[in-house]
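Engineer: sequence first, then the predicted structure:
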Amino acid sequence: MRNIDEHTITGAVLESLEGCDDPRLKQILGALVTHLHDFVREVQLTEDEWLQGIRFLTATGQMCSDTRQEFILLSDTLGVSMLTVALNRKQSAAATEATVFGPFHVDDAPRLEQGCDIAAGAPGRPLDVDVVVRSSDGTPLPGAEVDVWQADEEGLYDVQRGPHRRARAVMKTDAEGRLRFRAIVPTAYPVPTDGPVGRMLVASGRHPWRPAHIHFLIKADGHETLTTHLFRDGDPYLDSDVVFGVRRSLVVEMGDTLTHTFVLDRS
């Protein structure tokens, strides 16, 4: 490995991976090295630019916490999150389309009952939600777990305000696969711009806005887990979502009420 130059270093790194016993890891690392080295050569990356990149990634990690995932936000805004969804979530024609997970889900959302008000005081116009969860063969799915979260009318999630949980809940469908609850009418909001990802968006001339939406994470025995949104029809950012997550089938009317049927594929 002596006298390595810009043309031979890629082969040397790939050769160093020959002892890897995990074929998938070897494949991923090999492709990563190959494409990363090609990128550096293509743009003729300078040492100062590479150091800036390291500082950017370091700052991204330092911005992460239990209530904010800056690396997910980075993945989302670069289109990588939606690309992995598109590659891995090949739903049947009948199933509800999946979209990005987002950086503001938490594992300690309150578990509430049918008919509850998940807003719990979050500012916003009330929205009565009535949804049904079905299998792709049309069978209702009783007892399906529906995890819901949304921003308030000021564009903020509860975790951006403090420790109190609101505008989110985990609930179960009834015997007919139906779930009714009260939320708030979603509004468009900007993703956080106070961190490295926000600075990247500004530097690259991009806006930080997401169209109005509500998140749903739905689980049912014997079925594929569905991670999706419902987007409010008429929102000005539907065609320029900063995380590229909009799907036509997920755009719905939201006045004072929201009705929708979610369809899950069998696993």
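Structural biologist: Now that the structure is in, tell me what you want to look at.
Engineer: from memory residue 178 sits against residue 131, does it?
Structural biologist: Yes. When contacts are counted by CB atoms under 8 Å, residue 178 is listed as touching residue 131 (7.3 Å). Every residue, glycine included, has its C-beta placed from N, CA and C.
Engineer: tell me the buried residues in the longest helix anywhere in the chain?
Structural biologist: When the chain is scanned for its longest helix (criterion: DSSP state H), the result is helix 23-43. Of the residues in helix 23-43, 29-30, 33, 37, 40 count as buried by neighbour count, 16 or more other CB atoms under 10 Å.
Engineer: other residues contacting that helix?
Structural biologist: Helix 23-43 is contacted by residues 6, 9-10, 13-14, 17, 20, 45, 50 when judged by CB atoms under 8 Å, 6 or more residues apart in numbering.
Engineer: that one: how far from the chain's middle?
Structural biologist: How far helix 23-43 lies from its chain's middle: 25 Å, per CA atoms, centre = their mean, to the nearest Å.
Engineer: what angle do the helix or strand following that helix and helix 23-43 make?
Structural biologist: Downstream of helix 23-43, the first helix or strand assigned by DSSP states H and E is helix 47-62. Computed by axes from the mean of the first three to the mean of the last three CA atoms, to 10 degrees, the angle separating helix 47-62 from helix 23-43 equals 140 degrees.
Engineer: which helices and strands does helix 47-62 pack with?
Structural biologist: Helices and strands touching helix 47-62, by 3 or more CB pairs under 8 Å, 6 or more residues apart in numbering; DSSP states H and E, are helix 70-77, helix 196-203.
Engineer: could you say which of these is packed most deeply?
Structural biologist: Sort the helices and strands packed on helix 47-62 by mean neighbour count, taking mean count of other CB atoms under 10 Å, and helix 70-77 sits at the top with a mean of 21.
Engineer: pull out the buried residues from the longest strand anywhere in the chain.
Structural biologist: Determined from DSSP state E, the single longest strand within the chain is strand 126-135. Residues of strand 126-135 classed as buried by neighbour count (16+ other CB under 10 Å): 127, 129, 131-135.
Engineer: go on, stretch 76-88?
Structural biologist: Result for stretch 76-88 [16+ other CB under 10 Å]: buried residues 76-77, 81-82, 85.
Engineer: and the residues you listed, which is closest to residue 165?
Structural biologist: residue 76 (22.6 Å; CB to CB).
Engineer: sorry, back to before: is it possible to export the helices and strands packed on helix 47-62 to CSV including distance to residue 100 and mean pLDDT?
Structural biologist: Output for the helices and strands packed on helix 47-62, formatted as CSV (distance: least, CB to CB, whole Å; pLDDT from 0 to 100):
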stretch, distance to residue 100, mean pLDDT
helix 70-77, 6, 96
helix 196-203, 14, 97
